[in-house]
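Novice: Pasted the sequence and its predicted model underneath.
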Amino acid sequence: MLKNGESLRKVAKKIGTTVSTLKIKAVRNHVVIDRRPSKIKPDVERVIWRKLFMGMKTQYIALEFNLSVGAIEKVLTQYKGLKQHRKHIWYVDDFNKHQICINEFLNTNPDATRNQVRKEVRASYYWLYKHEKEWLYRQLPKRVIARYWPRKANK
């Protein structure tokens, strides 16, 4: 599989072994491995840092620079607070996406009940319920209060 050009990670996953063990076996069997550069030059590292800061996924950066995801993650862990910053960016993106989804549904269905909103835009409803419950409840229609209908007495 390595001779056919598959990556170490994919082959290791298929076989059920570690990448390190697979590398050792490949070297013993004289299999040429496509090794990516492990050291990143400072100017390239700065560009990678900017992309990480903007919230770009490590997989896409690795493809763009022909590096391993691990090398990109090394850059990520070098800077204190960068991981938290990226999590915040993704949180805000998710919040905006779900906000738009709920608002669009409510604009197209002005007479919808809370239950209809929950059923029709389930993913957005539950994400907002879990993370931004106050905002969600401000947007939802007023709660319909169930009326009490006493049962007729059995005679």
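Specialist: Right, received. Where do you want to start?

Novice: chain center to whichever helix or strand residue 123 is part of: distance?
Specialist: Using DSSP states H and E, residue 123 sits within helix 122-131. Remark: helix 122-131 is offset 15 Å from the chain centroid, using CA atoms, centre = their mean, to the nearest Å.

Novice: What residues of that helix count as buried?
Specialist: Neighbour counts over helix 122-131 (16 or more other CB atoms under 10 Å) mark 124, 125, 127, 128 as buried. To be clear about C-beta, it is placed using only N, CA and C from the backbone, and glycine gets the same treatment.

Novice: Which other helices and strands does it contact?
Specialist: When contacts are defined as 3 or more CB pairs under 8 Å, 6 or more residues apart in numbering; DSSP states H and E, helix 122-131 packs onto helix 82-108, helix 133-139.

Novice: pretty sure residue 12 is touching residue 26, no?
Specialist: No. Taking contacts as CB atoms under 8 Å, residue 12 lies outside contact range of residue 26: 10.5 Å.

Novice: So for these two, which sits in the more crowded spot?
Specialist: The residue with more neighbours, out of residue 12 and residue 26, is residue 12; 19 against 16, by other CB atoms under 10 Å.

Novice: Which element, helix or strand, includes the more buried one?
Specialist: For residue 12, the element it lies in under DSSP H and E is helix 8-15.

Novice: got the contact list for that helix?
Specialist: 1, 2, 18, 19, 21, 22, 23, 33 (CB atoms under 8 Å, 6 or more residues apart in numbering).

Novice: ditto for stretch 23-36
Specialist: Against stretch 23-36 from outside (CB under 8 Å, 6+ apart): 2, 3, 5, 8, 66, 67, 68, 71.

Novice: Now go through these and say which are in helices.
Specialist: With DSSP state H as the criterion, helices contain 8, 71 from among these.

Novice: Need the max-distance pair from the contacts of stretch 23-36.
Specialist: Largest separation among the contacts of stretch 23-36 by CB to CB: 3 and 71, giving 23.8 Å.

Novice: For the helix holding residue 12, what is the distance to the chain centroid?
Specialist: 23 Å.

Novice: Then stretch 57-73?
Specialist: Worked out by CA atoms, centre = their mean, stretch 57-73 lies 16 Å from the chain centre.

Novice: First-to-last residue distance for that stretch?
Specialist: Counting by CA to CA, to the nearest Å, you get 10 Å between the two ends of stretch 57-73.

Novice: If anything else comes up later, I'll come back, but that's it for now.
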